[in-house]
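Student: return a 3D structure for these sequence lines:
(2 chains)
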There are 2 protein chains.
Amino acid sequence: MRTDDRPAGDAELLNPVLGLRHKGYPRTQPPRQRSEVGAAGWNVLAGDLPLPLAVLKREALEHNLAWMQAQVRQWGVELVPHGKTTMSPQLFQRQLDAGAWGLTLANVTQASIGVAAGARRVLIANQVVGDDDLAGLQQLLRDHEGLRIVFLVDSVAQLALIEQWFERHPQALPFEVLLELGLDGARTGCRTHAQAIELAARLRASPAVRLVGIETYEGQGAIGDSAADRAYTDTLMDRVDAVAREAVARGWFECDEVLVSAGGSAIYDIVSARLTPAIGKPVRGLLRSGCYVTHDHGTYQRFQVAIDARLGCDCNDSLRAAMEVWALVQSRPEPGLAILSVGKRDISFDLSMPVPIARAARGQLIADAVPAGWRITALNDQHAYLRWDTPEGVDPAEAPPVGERIGLGISHPCTTFDKWHWMPVVENDYRVSDAVVMHF
Amino acid sequence: MRTDDRPAGDAELLNPVLGLRHKGYPRTQPPRQRSEVGAAGWNVLAGDLPLPLAVLKREALEHNLAWMQAQVRQWGVELVPHGKTTMSPQLFQRQLDAGAWGLTLANVTQASIGVAAGARRVLIANQVVGDDDLAGLQQLLRDHEGLRIVFLVDSVAQLALIEQWFERHPQALPFEVLLELGLDGARTGCRTHAQAIELAARLRASPAVRLVGIETYEGQGAIGDSAADRAYTDTLMDRVDAVAREAVARGWFECDEVLVSAGGSAIYDIVSARLTPAIGKPVRGLLRSGCYVTHDHGTYQRFQVAIDARLGCDCNDSLRAAMEVWALVQSRPEPGLAILSVGKRDISFDLSMPVPIARAARGQLIADAVPAGWRITALNDQHAYLRWDTPEGVDPAEAPPVGERIGLGISHPCTTFDKWHWMPVVENDYRVSDAVVMHF
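Tutor: Numbers count the residues shown, from 1 in each chain, chains lettered A, B, ... in the order given. As a prediction, the model looks like this:
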């Protein structure tokens, strides 16, 4: 528990007042602070909150926080979960309390929210380039004693921009940076050993930065354990080892322990095994997985099946889907089709369509399973198309009537979180026991 | 100008304080109320605001507001713009000030924001089904003298849910409703004339509702003027006419003038011509187009080319793209590729990829055109892939260096607006002259 180390933070950020203009807040209830929502006695299936509504299931959430932390501990690496997934100060705090080394974030605005939530180590998994961004980082470092922020550098051109800013700000502290590596066809990162070594030498020589580690993102090339994926991961992580070793040999790291970080979304088990190479200096391996916190019923579930097989886990022991989005059947216009009151504004659609996983008739306080053939075939901004087969051209008796509640599983937590300002945390019986807010 | 009719509204909603935790707000500036941002003297190209940043171009915005209003006036119909596009109280006010009859919205939470922004006529273009939604509507009607809200009904099952709620709330006012029609394969709406007539009779007989018009959404079937699209639109609008005429003949409309509404996204000119049928009673035609306010450089631009041809407009006279998203080149990792600091969290990707439209070198205060071959090929959560051809395997001199600013046009305004809490309004030289906020 790091609670004692954390400042009180910003009340508006951590504990804002929720009210009827927040999507999903009960319209006939008075406004409440986030921290008071759990005491209100609401139940989603009792109809106490308007739909659509995204909910987090407490037990699965807590299971995931503990399970993932136990895994990285066993692997001898640190979890620095990517906060961009949720952008929720309350979930950040739970991740830190569970033992995360710090938080990964994608940019300076996100970093400021992570710091307000209590993070004292921040990895910005991106090139920082803009003057306003560099100024914002210095401001954060000045305002928070003991805060550490590292970001990525992958070109001499980027370093030159940092140096120009640094020369104009003589009071600034040198920036701590990780050298980013990537293979051809990947996203960012130096593409060859020679480029990386040239840049590392420049970083060592620059007064504006301190080189403290090596970073890469394997997810553009490898998302599984096929021979091709294994070869990609090995080539990339071999490159990390070689650059790190050469930088140690040349005395280029300006730190006591070298940070080595990879993404870990789809193959966090495989990359974790490569995050503590023997390079002649202490190494701290940093795994940046973010989606584990809620997991999903789609893309990440499919990744996890393979991870479970590699780890020899029972799938009920590993990550569990902790997010559901509930909606109403608003229309049954023709056989085989129900239109649900949920759309692109409410739920992920970027990797695959939502998955119907539960139903509750009007007035029913228990969620049931849905028939196997139900599927979401399309989303509009504010509508979802739930379809089933009608071999006889007529709807089966099990078709959901207007007013029935349908629970959807998601694919890709990041793009559901960013569609909500708050979410209730629910028990397994859908009683609301807490609430979190999001700051995108 | 309806300014005098409007209440002062909610200061927190209309004029909140913006600060460094709002994405795109300058990190070294003090917080400011939204209304004070225009006086701060910022310029996007001077680097006064961090990127990525979505901006609205004032001149194009005002042109669109005036042009669309002039069109509907000429066609003899009313504009009830769909507010779900922007969810911005300031843009709602501009639309109402320009002459909009009211606002269309997708649900009760959205409606409450439209009303707070000053709308006194609201069309909820959706079935309202939930108890909390019905209670919320009654609350809005009680709280706002003279407010009118209509919503859609397309089934006896939905009516039964409304009646159950109404019976439990003896003080409630009857709900004003539009009967929704749709053809087979469409989204919501009664599928046959007979279904519609049966439901209309039930609506007339119900104490819980008053039938005041007919509504349809043509966009699931017709987005152009091909023979198939024309036939679809004619069939659908003929159905609207026939149901409206029969309902008039039977005395089922409980109103002095019948509302007839269609969507109008892609073929607003064609549907407008069908919104004032001769049915033996005064008709008010309501066009719900929403994306016209900012237009785009993608899907809606392609629709507009066909509309311009039908109207005989010069494309510079009709709708103009008023939204751009600017980002930094953060990496140039290999020939033919720049990674921009903008991703799925910042810009639309649901209908087509963003389009590079402008560039400004670091320090340059003027935006230039981009080479013809530049295109965005993919987005991650926080990154965009800008590619160009490298026939010789090396980058041309015109390739953008790290630190260059790139302006992107969007496709589908709705799904860019929902990724921001505020946007600056800029002059053509990118001076910030105003700001709007969004409430999704």
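Student: so where do the strands sit in the stretch 51-200 of chain A?
Tutor: Assigned by DSSP state E, counting those that start in this stretch, the strands in the stretch 51-200 of chain A fall at A:53-57, A:78-79, A:103-105, A:121-127, A:148-153, A:175-181.
Student: quick one: which of these is nearest B:Glu218?
Tutor: Nearest to B:Glu218 among the strands of the stretch 51-200 of chain A is strand A:53-57; the distance by C-beta to C-beta comes to 30.3 Å. C-beta coordinates here come from the backbone N, C-alpha and C atoms, glycine included.
Student: what's that closest one packed up against?
Tutor: Applying 3 or more C-beta pairs under 8 Å, 6 or more residues apart in numbering or on different chains; DSSP states H and E, one finds that strand A:53-57 makes contact with strand A:323-334, strand A:422-426.
Student: same question for that strand, mean pLDDT?
Tutor: Mean per-residue pLDDT for strand A:53-57: 98.
Student: likewise for stretch A:344-364?
Tutor: On average, stretch A:344-364 scores 97.
Student: pull the distance from it to the chain's centre.
Tutor: Remark: stretch A:344-364 is offset 20 Å from the chain centroid, using C-alpha atoms, centre = their mean, to the nearest Å.
Student: touching chain B at all, that stretch?
Tutor: Yes - using C-beta under 8 Å from any C-beta of the partner chain, stretch A:344-364 reaches chain B at A:Lys344, A:Arg345, A:Phe349, A:Asp350, A:Arg362.
Student: what's the most distant pair in these?
Tutor: Between all members of the residues of stretch A:344-364 next to chain B, the farthest pair (by C-beta to C-beta) comes out as A:Asp350 and A:Arg362, at 31.7 Å.
Student: so which residues on the stretch 151-300 of chain A come close to chain B?
Tutor: Residues of the stretch 151-300 of chain A found near chain B (C-beta under 8 Å from any C-beta) are A:154-155, A:157-158, A:161, A:182, A:184-191.
Student: now render the residues you listed as CSV, adding pLDDT and neighbour count.
Tutor: Output for those, formatted as CSV (pLDDT from 0 to 100; neighbours: other C-beta atoms under 10 Å in any protein chain shown):
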residue, pLDDT, neighbour count
A:Asp154, 98, 29
A:Ser155, 98, 23
A:Ala157, 98, 15
A:Gln158, 98, 26
A:Leu161, 98, 22
A:Gly182, 97, 25
A:Asp184, 95, 11
A:Gly185, 93, 12
A:Ala186, 94, 22
A:Arg187, 96, 20
A:Thr188, 98, 27
A:Gly189, 98, 27
A:Cys190, 98, 27
A:Arg191, 98, 19
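Student: from the residues you listed, which land in helices?
Tutor: Residues from those lying in helices, with DSSP state H as the criterion: A:Ala157, A:Gln158, A:Leu161.
Student: now, which of these sits nearest chain B?
Tutor: Chain B lies nearest to A:Ala157 out of these, by C-beta to the nearest C-beta, at 3.9 Å.
Student: show me the contacts for the closest one.
Tutor: If you count contacts by C-beta atoms under 8 Å, 6 or more residues apart in numbering or on different chains, A:Ala157 has them with B:Arg332, B:Pro401, B:Val402, B:Gly403.
Student: from A:Gly114, how far off is it?
Tutor: A:Ala157 sits 27 Å away from A:Gly114, going by C-beta to C-beta, to the nearest Å.
Student: so where is chain A shaky, pLDDT-wise?
Tutor: A:1-9, A:315 (pLDDT under 70).
Student: now do the residue nearest the centre of it against A:Pro413, distance only.
Tutor: Nearest residue to the geometric centre of chain A (C-alpha atoms, centre = their mean): A:Thr85, 2.6 Å. Per C-beta to C-beta, A:Thr85 is found 6 Å from A:Pro413.
Student: got any residues that touch both of the two?
Tutor: Going by C-beta under 8 Å, 6+ apart, residues that sit against A:Thr85 and also against A:Pro413 are A:Gly290, A:Cys291, A:Val293, A:Thr294.
Student: enumerate the residues of the stretch 1-150 of chain A near chain B.
Tutor: Proximity of the stretch 1-150 of chain A to chain B is confined to A:13, A:20-24, A:26-28, A:47-51, A:84, A:106-109, A:112-113, A:116, A:126-127, A:129-133, A:135-136, A:139 under the rule C-beta under 8 Å from any C-beta.
Student: go on, the stretch 301-440 of chain A?
Tutor: A:328-334, A:339, A:341, A:344-345, A:349-350, A:362, A:380-383, A:385, A:401-403, A:414-415, A:418-419, A:421, A:439-440.
Student: hmm, 7 Å instead?
Tutor: Along the stretch 301-440 of chain A, the residues adjacent to chain B under the rule C-beta under 7 Å from any C-beta of the partner chain are A:328, A:330-334, A:339, A:344-345, A:349-350, A:380-383, A:401-403, A:414-415, A:418, A:439-440.
Student: please indicate which of these are buried?
Tutor: A:328, A:330-334, A:339, A:344-345, A:349-350, A:380-383, A:401-403, A:414-415, A:418, A:439-440 (16 or more other C-beta atoms under 10 Å in any protein chain shown).
Student: beyond the helix or strand where A:Arg245 lies, next helix or strand please.
Tutor: Element membership for A:Arg245 (DSSP states H and E) is helix A:227-249. Once the chain leaves helix A:227-249, the next helix or strand it forms, by DSSP H and E, is strand A:258-262.
Student: counting by contacts, list what that following strand packs against.
Tutor: Helices and strands in packing contact with strand A:258-262 are listed as strand A:209-216, helix A:227-249, strand A:283-287; criterion 3 or more C-beta pairs under 7 Å, 6 or more residues apart in numbering or on different chains; DSSP states H and E.
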